[in-house]
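In: Return atomic coordinates for the entry below.
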Amino acid sequence: MSGDLSQILPPQALAQLAREWLREDVPNFDLAGACVGSREVEAVLLCKSPGSVLAGCPFFAAVFGELGCTVEWCHAEGHTLATRTAVVRGPARYVLLGERPALNCLARASGIATRCSQLLSVARASGWRGQLAGTRKTTPGFRLVEKYAMLVGGVSTHRYDLSGMVMLKDNHVAAVGSITQAVADTHVVCGFSTKIEVECRNEAEAKEAAKAGADVIMLDNFKPEELYRVAQFLKLEFPSVLIEASGGVTTETLTQYFSANVDIISLGCLTQGCPIADFSLKEKKLQIYMALCEKVIAPLVKK
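Out: Now for the predicted structure:
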């Protein structure tokens, strides 16, 4: 995705998250800090998962910023990585203190962005022009990171939280009594600025939701053949309604849900069970030593 996405992140939210992550990891004494002191060091950030899409830079930098360290990036977010990614500079004990929380953010965000980018490439290569979207199936306390990573990977975040859009699920409908009543009730508080989406389990529910004035119809756990048929009917009868396919969609089955009448496909696997991108942070002297071992010492050992 083009543009500097970091501009959408509130500075106070970044600072608060960075402080919470540091407080979680170092609640009292940093005992190992006693042996390294405050000499100035440079540490090189290396990507150990070549081909990963870089994401989460603002969070990584916020952690080190809280500790008075600086980060110099070799690549912009959204870039596909080889190895060398960034250089962190600051007092040794602060670089090491921030290392794990910062790496956790970057690994998680880059893993999500990589999966999103890969699946978006599959969609575009197949000729489907709808939107891939995430879900609220995020890690507690890490939602801002994970939703941000989706954007870097080129997909939609869907609703960020319960305040972002109304989604009337089966439990809402059961509590109210009908889809029609549930949509009518929420229209009163939504006004003109908030969309209403209804989760539908069959064709009858989808028709009821469209007639009730829903903006988005989610066809939940529909088999691909049934999805095509119901989506086509809804688009003919209610052209302005957005159609979302969800439930049971995986990285392996995604292509089966592509249809000109489906506007959105949401996948929980963009966050749940998503592999991380592996990174390491090595002090420059250690990196030089490791490179020397690899080029000079290792061949001698093999002989």
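In: When you work out contacts or count neighbours from here on, use the C-alpha atoms and nothing else.
Out: Will do.
In: Would you map the helices across the protein?
Out: Taking DSSP state H as the test, the helices found in the chain are 11-25, 33-36, 57-66, 92-125, 143-152, 170-176, 179-190, 203-212, 224-237, 284-292, 298-302.
In: Pull the distance from the third one to the chain's centre.
Out: Between the centre of helix 57-66 and the centre of its chain there are 17 Å (Cα atoms, centre = their mean, to the nearest Å).
In: which parts of stretch 40-53 are buried?
Out: Neighbour-count burial for stretch 40-53 flags Val41, Glu42, Ala43, Val44, Leu45, Leu46, Cys47, Ser49, Ser52, Val53 (criterion: 16 or more other Cα atoms under 10 Å).
In: Dump it to CSV, restricted to CA.
Out: Taking Å, rounded to 0.1, in the frame of the first residue of the first chain, the C-alpha atoms of stretch 40-53 are listed here in CSV:
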residue,chain,number,x,y,z
GLU,A,40,26.9,3.6,23.3
VAL,A,41,26.4,0.7,20.9
GLU,A,42,25.0,0.0,17.4
ALA,A,43,22.8,-3.1,16.9
VAL,A,44,21.8,-4.4,13.5
LEU,A,45,18.3,-5.7,13.0
LEU,A,46,18.3,-8.8,10.7
CYS,A,47,15.4,-10.5,9.1
LYS,A,48,15.8,-14.3,9.3
SER,A,49,12.7,-14.9,7.2
PRO,A,50,13.7,-13.6,3.7
GLY,A,51,10.7,-12.6,1.6
SER,A,52,8.8,-11.2,4.6
VAL,A,53,6.9,-7.9,4.2
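In: so for that stretch, what's the average pLDDT?
Out: Averaging pLDDT along stretch 40-53 yields 95.
In: what's it in contact with?
Out: 77-92, 95, 110-111, 113-114, 117, 153, 277-284, 287 (Cα atoms under 8 Å, 6 or more residues apart in numbering).
In: Could you rerun that using 6 Å?
Out: 78-92, 110, 113-114, 277-284 (Cα atoms under 6 Å, 6 or more residues apart in numbering).
In: do stretch 244-257 as well
Out: Met218, Leu219, Asp220, Asn221, Pro224, Asp263, Ile264, Ile265, Ser266.
In: Repeat that for stretch 186-199.
Out: Met165, Val166, Met167, Leu168, Lys169, Ala214, Asp215, Val216, Ile217, Met218.
In: quick one, phi psi at Thr135?
Out: Dihedral pair for Thr135: phi -140, psi -180, per degrees, to the nearest 10.
In: Roughly how far does it sit from Glu66?
Out: From Thr135 across to Glu66, the span is 30 Å (Cα to Cα, to the nearest Å).
In: if we can go back for a sec, output the helices of the chain in CSV; the columns should cover mean pLDDT and distance to Phe258.
Out: Formatted as CSV, the helices of the chain follow (pLDDT from 0 to 100; distance: least, Cα to Cα, whole Å):
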stretch, mean pLDDT, distance to Phe258
helix 11-25, 96, 37
helix 33-36, 87, 54
helix 57-66, 98, 32
helix 92-125, 97, 8
helix 143-152, 97, 20
helix 170-176, 94, 25
helix 179-190, 95, 27
helix 203-212, 97, 19
helix 224-237, 97, 9
helix 284-292, 50, 46
helix 298-302, 51, 50
